[in-house]
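> One predicted model, sequence on top.
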Amino acid sequence: MSFLMRFVDKLSKFDWRGRLLFLAIILLATCLFKPQANLPKRVFDWFIVLDITQSMNVRDMAEQDKAMSRLAYSKRAIRASLKSLPCGSRVAIGLFTERHTTTVTHPMEVCAHFGALDETVAHIDWRMAWAADSFIINGLFSAIMQTPKLNSKLDKDMRLAFITDGHQAPPINPDYAPKFEGKVGEVKGSIFGVGDTTPARIPKVDADDNISAYWELEEVMRYATFGVNKKTQSALDMENEQHGRNSPHGKTPAESTNAHLSALDENNLKALAKVTGLGYWRLGDVSTMADVLTSHKLATWRKSNTDLRAWFAIPAMLLVLLFFVPDHLLQKFYKQLIQPFFKRKAK
């Protein structure tokens with residue numbers, strides 16, 4: 001106790017600059033202990049689903065003049081978004097191929113599990129696909145149906161971010177397309193379209209992600225099949241079949257002439273966004289997704305561990321700056337602003 005009294009007595013003998021510097025040191029030293037508090041804050045909860053079908057290997061995206069595939073570009077956008085989300089936010093990762101969306105990770109807090117989430121996204125590969133078809137409408141509806149199931153671990157509703165080029169393969173029969181059975185707008189979020197609107201050839205990629213060849217028209221499915229026929233048919237017979245179940249667009253459907261090419265189908269994605277109540281954004285820049293995922297309109301308030309180091313570091317920096325201010329400037333500041341303020345308060 002006597003030591004503390006002597007310390008305070010010595011401190012009182014310091015000039016004002018010494019006191020400012022001492023206080024700044026105390027504040028900065030406090031930051032070393034990483035002070036935290038459980039405070040309410042604005043956070044975000046997202047179920048991010050990525051299309052991993054082969055059309056996502058088309059290399060029509062670029063960053064810093066470097067061409068890259070739609071899949072690689074989408075992964076960069078997701079990883080940038082993870083960095084932009086504040087602590088307390090939670091993210092689940094999902095993959096889409098064929099007709100279904102599957103959950104890869106359950107909702108995880110972005111700061112405590114950033115490494116796991118970032119590594120998961122970094123290692124997503126098109127070879128994880130369990131089937132070659134790409135029915136976007138089924139995959140989106142599947143993701144919307146799964147999103148509320150993730151809410152059991154959250155205090156508020158989870159949002160959906162669905163990233164795709166909108167390429168349907170094979171072309172779907174409109175008469176057999178699934179109908180949206182959910183409530184429009186109940187699941188909030190956005191569809192992100194990735195890719196160029198100019199059709200490009202779909203590459204065949206080897207084990208080292210090098211393009212070895214391109215899919216030819218004769219190699220891809222140019223018609224949608226539903227159910228099992230009573231008789232065995234060749235591919236040519238099925239394409240020439242007039243039955244609406246197997247050949248809804250006629251003998252030479254226009255949709256099939258470019259089945260080996262792929263482009264961003266914005267019309268399809270915008271239509272799906274309208275049907276489901278989701279928003280639509282074109283992923284023209286990596287930062288676009290981060291901006292959408294941190295929009296205040298999609299935020300929720302929840303108590304979370306908040307890092308208080310900035311609350312101590314910023315005042316400390318101000319005190320250090322004040323330490324170097326000349327005396328005559330401080331006196332002028334005091335006489336013109338501080339002193340008149342207290343006089344008015346006294347009245």
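That came through fine.
> and stretch 270-284, which residues are buried?
The neighbour-count check on stretch 270-284 (16 or more other CB atoms under 10 Å) flags 270, 272-273, 276-283 as buried. Where C-beta positions appear, they are placed from N, C-alpha and C, glycine not excepted.
> first vs last residue of that stretch, how far apart are they?
16 Å (CA to CA, to the nearest Å).
> In helices, which of the buried residues of stretch 270-284 fall?
270, 272-273, 276 (DSSP state H).
> can you list those residues in TSV and add pLDDT and distance to residue 316?
Conversion of those to TSV gives the following (pLDDT from 0 to 100; distance: CB to CB, whole Å):
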residue	pLDDT	distance to residue 316
270	94	51
272	94	52
273	95	48
276	94	49
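> Please, where are all the strands along the stretch 101-250 of the chain?
Assigned by DSSP state E, counting those that start in this stretch, the strands in the stretch 101-250 of the chain fall at 108-109, 159-164, 189-193, 200-201, 203-205, 211-214.
> and those strands, which one's lowest on average pLDDT?
Within the strands of the stretch 101-250 of the chain, confidence is poorest for strand 211-214, with a mean of 79 (mean pLDDT).
> And residue 312, what's its pLDDT?
82.
> Just say helix, strand or coil for it.
At residue 312 the chain is in helix, as set by DSSP: H, G, I helix; E, B strand; the rest coil.
> neighbours around it, how many?
19 (other CB atoms under 10 Å).
> show me what contacts it?
Counting by CB atoms under 8 Å, 6 or more residues apart in numbering, residue 312 touches 27-28, 30-31, 35.
> ditto for residue 157
45, 148, 151, 187-188, 300.
> Kindly report the same for residue 55.
70, 134, 165, 167, 169, 195, 202, 262.
> and stretch 147-158, how far apart are its ends?
Start-to-end, stretch 147-158 (CA to CA) is 7 Å.
> An error on my part: the question was meant for stretch 110-130.
First-to-last residue span, stretch 110-130, CA to CA: 28 Å.
> Single out the most deeply packed of the strands of the stretch 101-250 of the chain.
Comparing the strands of the stretch 101-250 of the chain by mean neighbour count (mean count of other CB atoms under 10 Å), strand 159-164 ranks first with a mean of 26.
> that older thread, mind putting the ones in helices among the buried residues of stretch 270-284 into a markdown table with distance to residue 317?
What follows is those, written out as a markdown table (distance: CB to CB, whole Å):
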| residue | distance to residue 317 |
| --- | --- |
| 270 | 48 |
| 272 | 49 |
| 273 | 45 |
| 276 | 48 |
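> about what we covered before: so which of the contacts of residue 312 sit within helices?
Counting by DSSP H, these contribute 27-28, 30-31 to helices.
> any chance of the strands of the stretch 101-250 of the chain in JSON lines, plus distance to residue 317?
Listed next are the strands of the stretch 101-250 of the chain as JSON lines, based on distance: least, CB to CB, whole Å:
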{"stretch": "strand 108-109", "distance to residue 317": "29"}
{"stretch": "strand 159-164", "distance to residue 317": "36"}
{"stretch": "strand 189-193", "distance to residue 317": "38"}
{"stretch": "strand 200-201", "distance to residue 317": "51"}
{"stretch": "strand 203-205", "distance to residue 317": "50"}
{"stretch": "strand 211-214", "distance to residue 317": "52"}
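> quick one: which of those is nearest residue 306?
Across the strands of the stretch 101-250 of the chain, residue 306 has its closest neighbour in strand 108-109 (12.9 Å, CB to CB).
> before we move on, back to that, quick check, nearest of the buried residues of stretch 270-284 to residue 215?
residue 283 (23.4 Å).
> who's in contact with the closest one?
Residues near residue 283 by CB under 8 Å, 6+ apart: 73-74, 77, 163, 192-194, 289.
> Enumerate every residue touching the residue nearest to residue 34 when sequence neighbours are not counted.
Excluding its sequence neighbours, the residue lying closest to residue 34 (CB to CB, 6 or more residues apart in numbering) is residue 309, at 6.4 Å. For residue 309, the contacting residues are 31, 34-35, by CB under 8 Å, 6+ apart.
> What does the pLDDT read for residue 309?
81.
> So in the chain, where's the weakest helix or strand by average pLDDT?
Among the helical and strand segments of the chain, the one scoring lowest on mean pLDDT, DSSP states H and E is helix 2-12, with a mean of 49.
> quick revisit: now distance to residue 88 too, for the contacts of residue 55, in JSON lines please.
Listed next are the contacts of residue 55 as JSON lines, based on distance: CB to CB, whole Å:
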{"residue": "70", "distance to residue 88": "31"}
{"residue": "134", "distance to residue 88": "35"}
{"residue": "165", "distance to residue 88": "32"}
{"residue": "167", "distance to residue 88": "36"}
{"residue": "169", "distance to residue 88": "40"}
{"residue": "195", "distance to residue 88": "33"}
{"residue": "202", "distance to residue 88": "41"}
{"residue": "262", "distance to residue 88": "39"}
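> Many thanks, have a good one.
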